[in-house]
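[1] Generate coordinates for the sequence data below:
(2 chains)
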Amino acid sequence: MTASDTPTRAVADLGAVEFAARLGGEGLGVRLGPFDAKLRSDVAEIVAPLYHLYRDYTLLDGDDRVFNLHLGLVTVRKWPRLANAKVRLIVDGRAPHDDLPVGQALAVLEWGLNLVIALRAHSWLMLHSAAVERDNGVLLLPAWPGSGKTTLCTALVHRGWRLFSDEFGLIRPSSGEAFPIPRPMPLKNESIDVIRAFAPDAELGPTIPNTRKGTIAHVKPPTASIRAADRSAPVRWIVFPRWSAGADLVFDEMAKIDAFMMLATNAFNYEMLGESAFTTVRGLVGNAQCFRLVYSDLDRAIELLNGLAAHDGEPT
Amino acid sequence: MASTDDLVWAEFGDDYVVYHKPSGKTHFLNSATALLLAHVLVQPKNAVEAAEELADREEAVGNADFFAAVARALAHLEHLGLVERV
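    I've put the predicted structure just below:
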């Protein structure tokens, strides 16, 4: 039986014990949207949260598979008896950054996946953008760090939108369609309690304090989003969000030329893809409605975006 | 000037974006500069000829301010590497 003949199994089908054995041994093969990833780790602290967050993902079995992402996370101890262990991210046998405290292992692994995708996935135009879908229309939320993109994305997927990604707007240049890569969504600092209150059913991983981005907790993507991760969709709306404390709600349609400029500068690999990126951004901006959103009240922002989808471009 | 084959255009109303293949650069142009680049400078010509042709298209013949604006646009296009003196 070849890998392609193997019936689809979820990570949870392994059970917790076999999951830990694979992660610490031959590696865990898991499908992340369009990518096949092999994860390895000897870090005991990461096993339970990783199993919790990844249990619904497609398990990739079979010796004849080719994986396009390989990540390792290993424990580094200077003094065996002291509890000062660190973890080292390993990508293709190299450590791309300094070791970090073992308590941050889950965050390090997730950042590592982002890093590898951003550096390698150049068959896609990669926008630094959240992306969610409803009624076969994708809403892109391109934004810079600190703009509340992940919080807004997490809220949307707990109000009926399908998660594509909180981090990558993956656009296929040949078709202009967005492709899902639903992964755990890292809430930061105050956003953790905001989402706990907004969506009590949200499944959060452990709270990780004192990271370089503050306190982090990852939200598990809804199971339905993970299972539909092979379904692409056209981009219908592009909304540039910015959370601002106490701000009144602002929702303005943008000039296409401004949206072009913001989208092109937002992409991870616009210059690398060259003409292909230009024509892809041209198609996205030309075919989608483009808005600027400033908000402080999450409920009102969600209501507005739901209305946008319900009325197909006419905000309520 | 840049060969027309070297340029890829995006048009949004009166706003234009052009991608210059040899340099890999994207430029944002107003309508007058885009018109100058896309239609007037398809053949080599001097600045006066370019201004006269554009003035004719834009019904601005004899307008000194218009000619000055064209001169500035040409300088801008040269600075961007989209046209060159020959």
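
[2] what's the burial count for residue 51?
    Because you didn't say which chain, this covers chain A. With neighbours defined by other C-beta atoms under 10 Å in any protein chain shown, the count for residue A:51 comes to 18. Quick note: C-beta positions are derived from backbone N, CA and C, even for glycine.

[3] sorry, should have said chain B
    Taking other C-beta under 10 Å as the definition, residue B:51 ends up with a neighbour count of 24.

[4] List the contacts of it.
    Remark: with contacts taken as C-beta atoms under 8 Å, 6 or more residues apart in numbering or on different chains, residue B:51 is in contact with B:66-67, B:70-71.

[5] what separates it from chain A, distance-wise?
    Here the distance between residue B:51 and chain A works out to 26 Å (C-beta to the nearest C-beta, to the nearest Å).

[6] Determine the three-state secondary structure at that residue.
    Assigned with DSSP: H, G, I helix; E, B strand; the rest coil, residue B:51 falls in the helix class.

[7] before we move on, the earlier item: can you tell me which of the contacts of residue B:51 has the most neighbours?
    The member of the contacts of residue B:51 surrounded by the most neighbours (other C-beta under 10 Å) is residue B:70, with 25 neighbours in all.

[8] ok, for that one, nearest residue in space, not its chain neighbours?
    Setting aside the residues directly before and after it, residue B:70 is nearest to residue B:51 in space (C-beta to C-beta, 6 or more residues apart in numbering or on different chains), at 4.1 Å.

[9] and residue 28, how many neighbours?
    Since you didn't name a chain, this refers to chain A. Other residues lying near residue A:28 total 25 when counted by other C-beta under 10 Å.

[10] That was the other one, I meant chain B.
    Applying the criterion other C-beta under 10 Å, we find 16 residues in the vicinity of residue B:28.

[11] Then the one 4 residues further on?
    As a burial measure, residue B:32 scores 18 neighbours (other C-beta under 10 Å).

[12] what's next to the helix or strand where it lies, contact-wise?
    Here residue B:32 sits within helix B:31-38, counting by DSSP states H and E. Residues lying outside helix B:31-38 but in contact with it, judged by C-beta under 8 Å, 6+ apart, are B:1-2, B:4, B:7, B:9, B:11, B:14-16, B:18, B:29, B:50, B:54, B:57-58, B:69-70, B:73-74, B:76-77, B:82-83.

[13] can you give me the strands for chain B?
    Here chain B has its strands, by DSSP state E, at B:7-12, B:15-20, B:25-29.

[14] Tell me the spacing between the residue lying closest to residue B:44 once chain neighbours are set aside and residue B:4.
    Spatially, and ignoring its direct neighbours in sequence, residue B:44 is nearest to residue B:86 (5.9 Å; C-beta to C-beta, 6+ apart). Going from residue B:86 to residue B:4 by C-beta to C-beta, to the nearest Å gives 16 Å.

[15] Same question for residue B:32.
    Per C-beta to C-beta, residue B:32 is found 18 Å from residue B:4.

[16] what's the answer for residue A:268, then?
    In this structure, residue A:268 lies at 30 Å from residue B:4, with C-beta to C-beta as the measure.
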